[in-house]
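Q: Got a sequence here, can you build the structure:
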Amino acid sequence: MASRAGPRAAGTDGNDYLHRERVANHYQMSVSLKNEIKKLIYAHIFIWVLLAAQTTVAQLKLVSHDLVAMPYQWEYPYLLSIVPSLFGLFAFPRNNISYLVISMISTGLFSIAPLIYGSMEMFPMAQQLYRHGKAYRFIFGFSAVSVMYLVMVVAVQVHAWQIYYSKKLLDSWFTSTQEKKKK
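A: Numbering: from 1, shown residues only. Next comes the predicted model:
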């Protein structure tokens, strides 16, 4: 680095400024958590597209109900779960705390709650399949209850990790704002 007064002072090669080149921990954490949450959001979008496709195909009667079963009642409110993911994505560019909080709360309302209701709704059919081996709804030849429970298990994990990482990201953002206020 050149100075106005001329060449660099003798005995300094720039290594004494290495401490200034470090990135603060909360910035590093923010970047890594944003990447993890984006991956989870994309996984959620994939699940959402599968359920939206099943709902659309069944409602428009594009294929026989023997091939793709009619959707369960919990799938309709779950289609609103795309909204929290969009709020989460909108929160990232400017570290918008309010959008992230809205995303976390609405993930519980529009994602987790329909999944809990769905597990209760499908339980009698799962019990019948387990006890008697009889299924009356199918998705591409597989028992609809089995397929939907598998989707639900993956979706619950995706949403739980998304809320966990969002909370950690929120804490990271609060740490950085508190440090700015102290200065």
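Q: gap between stretch 121-128 and the chain center?
A: 27 Å (C-alpha atoms, centre = their mean, to the nearest Å).
Q: What residues sit buried inside that stretch?
A: Neighbour-count burial for stretch 121-128 flags 122, 125-126 (criterion: 16 or more other C-beta atoms under 10 Å). Bear in mind the C-beta positions are built from the backbone N, C-alpha and C, glycine included.
Q: for the lengthiest helix in the chain, packing partners?
A: Ranked by residue count under DSSP state H, the longest helix found in the chain is helix 144-182. Judged by 3 or more C-beta pairs under 8 Å, 6 or more residues apart in numbering; DSSP states H and E, helix 144-182 is in contact with helix 25-59, helix 97-107, helix 113-132, strand 138-139.
Q: Provide the angle between the direction of that helix and the direction of helix 113-132.
A: 150 degrees (axes from the mean of the first three to the mean of the last three C-alpha atoms, to 10 degrees).
Q: Quick one: mean pLDDT over helix 144-182.
A: Helix 144-182 shows a mean pLDDT of 88.
Q: Also stretch 106-119?
A: 95.
Q: Quick one: end-to-end distance for that stretch.
A: End-to-end span of stretch 106-119 (C-alpha to C-alpha, to the nearest Å): 19 Å.
Q: Please state the offset of it from the chain centre?
A: Counting by C-alpha atoms, centre = their mean, stretch 106-119 is centred 13 Å from the centre of its parent chain.
Q: again with stretch 34-48
A: For stretch 34-48, the separation from the chain centroid amounts to 5 Å (computed by C-alpha atoms, centre = their mean).
Q: Equivalent analysis for stretch 128-146, please.
A: On the basis of C-alpha atoms, centre = their mean, stretch 128-146 is displaced by 29 Å from the centre of the chain it belongs to.
Q: quick one: contacts of it?
A: With contacts defined as C-beta atoms under 8 Å, 6 or more residues apart in numbering, stretch 128-146 is touched by 54, 66-70, 72, 122, 125-126, 147-148.
Q: For that stretch, buried residues please.
A: Buried-residue list, stretch 128-146, by 16+ other C-beta under 10 Å: 129, 135, 137-139, 143-146.
Q: how deep is the closest residue to residue 43 other than its chain neighbours tucked in, by neighbour count?
A: Excluding the flanking residues, the one nearest residue 43 by C-beta to C-beta, 6 or more residues apart in numbering is residue 158, at 5.1 Å. A count of neighbours around residue 158, defined by other C-beta atoms under 10 Å, yields 21.
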